[in-house]
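Enquirer: attaching a predicted model along with its sequence, questions to come.
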Amino acid sequence: MTYTLSHWGTYKVEQRDDGSPALLPFERDTDPSPIGLHQNAASLARLRVRRPAIRRSWLEGGPGHATDRRGTDEFVEVDWDQALDLAAAEIDRVRNLHGNNAIFGGSYGWASAGRFHHAQSQVHRFLNAAGGYVRHVDSYSLGAANVILPHVVAPMDELMASHSSWDMLAKHTGLFVTFGGVPVKNAQMNAGGVGLHLATAGLRAMADAGVRMVNIGPVGDNMGPVEDRTEWIRCRPNTDTAVMMAMAYVLVTEGLHDRGFLDRCCVGFDAVERYLLGRDDGIAKTPAWAETISGVSAAATTALARDMAATRTMLNVSWAMQRASHGEQPFWMVVTLASLLGQIGKPGGGFGVGYGAANLVGSSHRRIKGPTFSQGRNTVPDFIPVARIADMLLDPGGAFTYNGIDYRYPDIKLVYWAGGNPFHHHQDLGRLEQAWARPDTVIVNESYWTATARRADIVLPATVTLERDDIGSATLEGFFVAMKQAQPPAGEARDDYRIFADIAGRLGCGDAFTEGLDTMGWLRRMYDECRRVNHERAIDLPAFEAFWEDGLLDLTAHDAPVTMLEGFVADPAANPLATPSGLIELYSETIAGFRLPDCPGHAAWIEPAEWLGADEVQRHPLHLLTDQPARRLHSQLDASPYSSEGKIDGREFVYVNPADAKQRGIATGDAVELFNGRGRCIAAAKVTDRVMTGVVRLNTGAWYDPEPGTGRDRHGNPNVLTADRPASSLSQGCAAQSCLVQLVRHDADPPRVGAFDLPRLIEQNR
Ligand SMILES: Nc1nc2c(c(=O)[nH]1)N[C@H]1C(S)=C(S)[C@@H](COP(=O)(O)OP(=O)(O)OC[C@H]3O[C@@H](n4cnc5c(=O)[nH]c(N)nc54)[C@H](O)[C@@H]3O)O[C@H]1N2
Ligand SMILES: Nc1nc2c(c(=O)[nH]1)N[C@H]1C(S)=C(S)[C@@H](COP(=O)(O)OP(=O)(O)OC[C@H]3O[C@@H](n4cnc5c(=O)[nH]c(N)nc54)[C@H](O)[C@@H]3O)O[C@H]1N2
Ligand SMILES: [Mo]
């Protein structure tokens, strides 16, 4: 049997009579994602990059020429040798003239699953072989959480992979209180691929077992199959910290907090208590105080806090909450609140940081080390927090702080991107356009003519998963997959590995990059090494040949239920955390020592830069939430039939509350325009009472489609509206979820959506 793996699932591959592959759901998966069934659709094939292409002005004028035409220029298609010569010569020019710290190679993004043909690993290994590059740290997913949580409890990666498993929640939890729902549409994914989809069944089992479910937040439709069995408490966006504070206030003032747990497992309760009681700032963090901020009634907050103390309670926060102004605070606060309840480490109790955000959260599959591809060593020290890309390009030499240390932005002349789409993922795309015009040269390896490929000078066509051999495995998934090539490459597309091997050869570092191995040689080496490591841990894997022949390696016999932080709580001295005290830090001397105005030494309510309590609501009265899309992965597969079915007249929906719609004369299906001081976009309205008043929700991922001249997006891409403003000076994380807009009906004929038009391609050398 032949299988393939993608971030959205494992699929069976069958050959059709004409030799082309047909994708079918994986028979063992009870909840397969439809997204991946469409990865081979004709509407996507149309958008493939088929030949190497050079932006015309760059080809004619050289590096740095007419960089403001990136995005509108035409491309000249050339043969591979010419394209590789040009790319190699430009990398060589920049490293000789400016040094390797003038090359930005971060390449953030969700390149395809598969441990070998993972585009970031490939580009990093290549640039390391070529002398190094400026990298990024953290992610758009978890910028604030990645920085704050190691100070407080443990690295986010570790927590993510050790959540109490769904089976434990169904069995032991009495009350499940989640801020931001359990968006099972997001759990269709796992970075690196999914085996069995777990979240829908996990939630259903909880509700069937009688677990009381409470969802606090601006949106009520993010509980998947248990939405009608969930109590929804409406809460203004970005104000969850205030509500949690008030719950903590109730616990502390009513003596419901677990003193024993706080003494044994935590440091810093005193500082939190002072803050809750308002000893220093004169503001007691009462439920009435929180009501004025969040809209959640004092009665509801009080009752819930008491119920939490009386019941085995699991608290949860969505990742989206930390993708916001002061996004560190709700994550620090949920750990604080769970510590007051004293149920961390007990079956079914404690906290989660992202049930529903990805399939691995709540998995009971064992963490088994998968095959890895070495990226080599980077000798360039410069880096940026990932979401500071526009700042870096606009302000070479400019200062920034990250995790308490001062740094400066490097001066970038060459950007190399492989496996990501910054013109999908970054905020305030109008500002990114300006920043993007700064470097001399942009090289992009891409499979599709994305907004980023269109804004490159050299575009090198990359294969997709079905066009190459690979090995699939991902954290906390139950299978390794032998991902066999199922179809020939589109046009002249080549694997990223081959592209980089050929450029490395021209730069004199070909052997360092390839070590003399071809793809099969690498797969075998990576697998054999993984087999050896696992053998040392008493997990025996079959030989490579048997794995490759079978197509699938089932590891589910190693499954076991999980309770997060169980070992630490049982014996904190024997199993200390990696924090300075070895305990949970409700107050962190380290963070207090950074003396940052926007991140004090304990969790705190700090007004977001943009929210419904800001003066700006007079002009832009709606809080815009920009969710992950249910029918695609970010911008990937947006042109598929499945993604298109989720649009109206080819435009993305914006979800609007009936009251806000009525006030504006808007009905479902109407073309509408959203705008603020940063940008404008046209979308299609969907009126629903599952979004609270004052809030609108527009998924990310509609391909960026700026109207020439005005920059107004015609397709419904929210990142023309979002702010390119860091969560805080601690993390510099992405804060997309703090954004105000106005919404009006669009009465004129809406402009044609041009997102899926190809750029103008001029053939040469044919
Ligand atoms: N407003 C707002 N913005 C957001 C978010 C939000 O919540 N709100 N979420 C943010 C988050 S969490 C994330 S993770 C980012 C996601 O941002 P990205 O990960 O950059 O988005 P993708 O669309 O997945 O882009 C991946 C690109 O890699 C390409 N690719 C795939 N496989 C290969 C390959 O093998 N080789 C090469 N060369 N290319 C390949 C795909 O064609 C695609 O263009 O977006 C962020 N942006
Ligand atoms: N189908 C699909 N799944 C995906 C992805 C995708 O593109 N498509 N992307 C994947 C990636 S890279 C990531 S990082 C994860 C992201 O996972 P998340 O960050 O969890 O995803 P979101 O959908 O942005 O938001 C989750 C929920 O939080 C709510 N929310 C937003 N702001 C607030 C707030 O201030 N308070 C409260 N209480 N709730 C709030 C939103 O309304 C939404 O229902 O998803 C992954 N899963
Ligand atoms: Mo993400």
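Expert: Received the coordinates, thanks. Ligands and ions are numbered 1, 2, ... in the order given.

Enquirer: make it CA atoms for all contacts and neighbour counts henceforth
Expert: Fine.

Enquirer: residue ranges with poor pLDDT in this protein?
Expert: Applying pLDDT under 70 to the chain flags the ranges 765-766.

Enquirer: do that again at 80, thanks
Expert: Counting by pLDDT under 80, the chain has low-confidence residues at 1, 765-766.

Enquirer: enumerate the residues of it near ligand 2.
Expert: Selection of the chain residues close to ligand 2 by Cα under 6 Å from any ligand atom yields 141, 179-181, 183, 185-189, 216-219, 222, 237-238, 240, 318-321, 357-358, 625, 627-634, 737.

Enquirer: rerun that using 5 Å as the cut-off
Expert: Counting by Cα under 5 Å from any ligand atom, the chain comes close to ligand 2 at 141, 179-180, 185-186, 217, 219, 222, 237-238, 318-321, 357, 627-630, 633-634.

Enquirer: against residue 323, how distant is the most centrally placed residue in the chain?
Expert: Per Cα atoms, centre = their mean, the C-alpha nearest to the average position across the chain is that of residue 141, at 3.2 Å. Going from residue 141 to residue 323 by Cα to Cα, to the nearest Å gives 7 Å.

Enquirer: which element, helix or strand, includes residue 741?
Expert: Element membership for residue 741 (DSSP states H and E) is strand 740-745.

Enquirer: that strand pairs with which strands, parallel or anti?
Expert: strand 622-625 (antiparallel), strand 671-675 (antiparallel) (DSSP bridges).

Enquirer: C-terminal to it, what's the next element?
Expert: strand 761-763.

Enquirer: list of residues touching that next one?
Expert: Strand 761-763 has contacts (Cα atoms under 8 Å, 6 or more residues apart in numbering) with 53, 74-78.

Enquirer: apply 10 Å and report the result again.
Expert: The contact list for strand 761-763 (Cα atoms under 10 Å, 6 or more residues apart in numbering) reads 51, 53-56, 73-79.

Enquirer: so in terms of bridging, what pairs with residue 481?
Expert: Under the criterion used (DSSP bridges), residue 481 bridges to residue 472, residue 552.

Enquirer: count the neighbours of it for me.
Expert: 27 (other Cα atoms under 10 Å).

Enquirer: before we move on, back to that, ranking the contacts of strand 761-763 by neighbours, who comes first?
Expert: Neighbour tally across the contacts of strand 761-763 (other Cα under 10 Å): the maximum, 29 neighbours, falls on residue 53.

Enquirer: quick check: closest non-adjacent residue to that residue.
Expert: Excluding its sequence neighbours, the residue lying closest to residue 53 (Cα to Cα, 6 or more residues apart in numbering) is residue 77, at 4.2 Å.

Enquirer: neighbours around the closest residue to ligand 1 within the stretch 501-650 of the chain, how many?
Expert: Residue nearest to ligand 1 within the stretch 501-650 of the chain (Cα to the nearest ligand atom): residue 635, separated by 3.5 Å. Residue 635: 23 surrounding residues under other Cα under 10 Å.

Enquirer: and if you look at residue 752?
Expert: Counted with other Cα under 10 Å, residue 752 comes out at 12.

Enquirer: over to residue 583?
Expert: 25.

Enquirer: for residue 722, same thing?
Expert: What residue 722 shows, counting by other Cα under 10 Å, is a neighbour count of 26.

Enquirer: same question, residue 468
Expert: 19.

Enquirer: same question for residue 419.
Expert: Neighbours of residue 419 (other Cα under 10 Å): 24.

Enquirer: still on that earlier bit, give me every residue that touches the residue nearest to the centre of the chain.
Expert: Applying Cα under 10 Å, 6+ apart, the residues contacting residue 141 are 319-320, 322-323, 357, 733-734.

Enquirer: likewise residue 668?
Expert: 648, 653-656, 658, 661, 684-688.

Enquirer: any chance of a markdown table for these, columns distance to ligand 1, secondary structure and neighbour count?
Expert: Converted to a markdown table, those look like this (distance: Cα to the nearest ligand atom, whole Å; DSSP: H, G, I helix; E, B strand; the rest coil; neighbours: other Cα atoms under 10 Å):
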| residue | distance to ligand 1 | secondary structure | neighbour count |
| --- | --- | --- | --- |
| 648 | 20 | strand | 17 |
| 653 | 15 | strand | 27 |
| 654 | 13 | strand | 29 |
| 655 | 15 | strand | 25 |
| 656 | 17 | strand | 28 |
| 658 | 23 | helix | 21 |
| 661 | 22 | helix | 21 |
| 684 | 17 | strand | 27 |
| 685 | 18 | strand | 27 |
| 686 | 19 | strand | 22 |
| 687 | 21 | strand | 23 |
| 688 | 21 | coil | 16 |
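
Enquirer: alright, that wraps it up for me.
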